[in-house]
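In: Prediction below, plus the sequence it came from.
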Amino acid sequence: MKCLRTFVICGGLAVLYALPLFTLPGIGAIFLKIDTIPGESTDSDHKDWIEILSFSHGTSEPTPGTTGTGQGGRECIQDLSFTKFIDKSSPKLMLQCLKGTQLADATLVVTADDGSGTGAFYEYLTIKLIDVVVSSVANAGDSSSPDRPVESFAINFTKIEYSYTENDAAKTKTEVRWDFEQNQEY
């Protein structure tokens, strides 16, 4: 009887500790729209966008007094890098990289569960890049893997608009815009 009571108490505590994991908003999907390069998304709000598995981006500021940065006191911006399954956008991404053609813009959107319990999602992170160039493309596959081959690619840009939307009633936005050629906000 004592073991049963201990089991019930421990089980109840485990449920209480795990409950927040099921009620917190989670990441939904990541989508990318690139000027003239359609993807295969069937999502009603992001139809023909490219479905992204992961992305990475960084910025750094040279430390005063350091030498050899080659930046002349300007910030160091990294290309925005992506990983996705190979899809119909792959040949066009490769071609754009080979040609080095500048495209008008690209927009990355990250969605999240809005926490309403209805399964609805909202766009909480939006990164818009302006004057973009596909700077690298790399494919990888493994015949022993059950997964489809993947592709990593990167985009260089001259301007960025970075926006975060809170999951509150007003959907409050925090936004920054930066022009790397002018080295200033715009």
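Out: Thanks, I have the structure now. Numbering: from 1, shown residues only.
In: Could you give the bridge partners of Ile160?
Out: Beta bridges link Ile160 to Leu129, Trp178, judged by DSSP bridges.
In: With the one 4 residues further on instead?
Out: Counting by DSSP bridges, Tyr164 forms beta bridges with Leu125, Thr174.
In: Please name the residues that touch it.
Out: Tyr124, Leu125, Lys173, Thr174, Glu175 (C-beta atoms under 8 Å, 6 or more residues apart in numbering). Bear in mind the C-beta positions are built from the backbone N, C-alpha and C, glycine included.
In: Mind putting those into a markdown table with distance to Cys97 and pLDDT?
Out: Shown next, in a markdown table, are the contacts of Tyr164 (distance: C-beta to C-beta, whole Å; pLDDT from 0 to 100):
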| residue | distance to Cys97 | pLDDT |
| --- | --- | --- |
| Tyr124 | 30 | 94 |
| Leu125 | 25 | 96 |
| Lys173 | 32 | 95 |
| Thr174 | 33 | 96 |
| Glu175 | 29 | 97 |
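In: Which one of those is nearest to Ser89?
Out: Leu125 (20.8 Å; C-beta to C-beta).
In: Drop anything exposed from the contacts of Tyr164.
Out: Tyr124, Leu125 (16 or more other C-beta atoms under 10 Å).
In: and the most centrally placed residue in the chain, what helix or strand is that in?
Out: Of all residues in the chain, the one closest to the mean position by C-alpha atoms, centre = their mean is Phe55, 4.6 Å from it. Element membership for Phe55, per DSSP states H and E: strand 54-56.
In: hmm, who's touching that strand?
Out: Contacts of strand 54-56 (C-beta under 8 Å, 6+ apart): Ile30, Leu32, Leu80, Ser81, Phe82, Thr83, Leu108.
In: Doesn't the first one belong to a strand?
Out: Yes - under DSSP: H, G, I helix; E, B strand; the rest coil, Ile30 falls within a strand.
In: what sits against it?
Out: Glu51, Ile52, Leu53, Ser54, Phe55, Leu108, Val109, Val110, Thr111.
In: Which neighbouring elements make contact with the helix or strand just after the strand holding Phe55?
Out: The helix or strand immediately downstream of strand 54-56 is strand 59-60, counting by DSSP H and E. If contacts are counted by 3 or more C-beta pairs under 8 Å, 6 or more residues apart in numbering; DSSP states H and E, strand 59-60 sits against strand 76-77.
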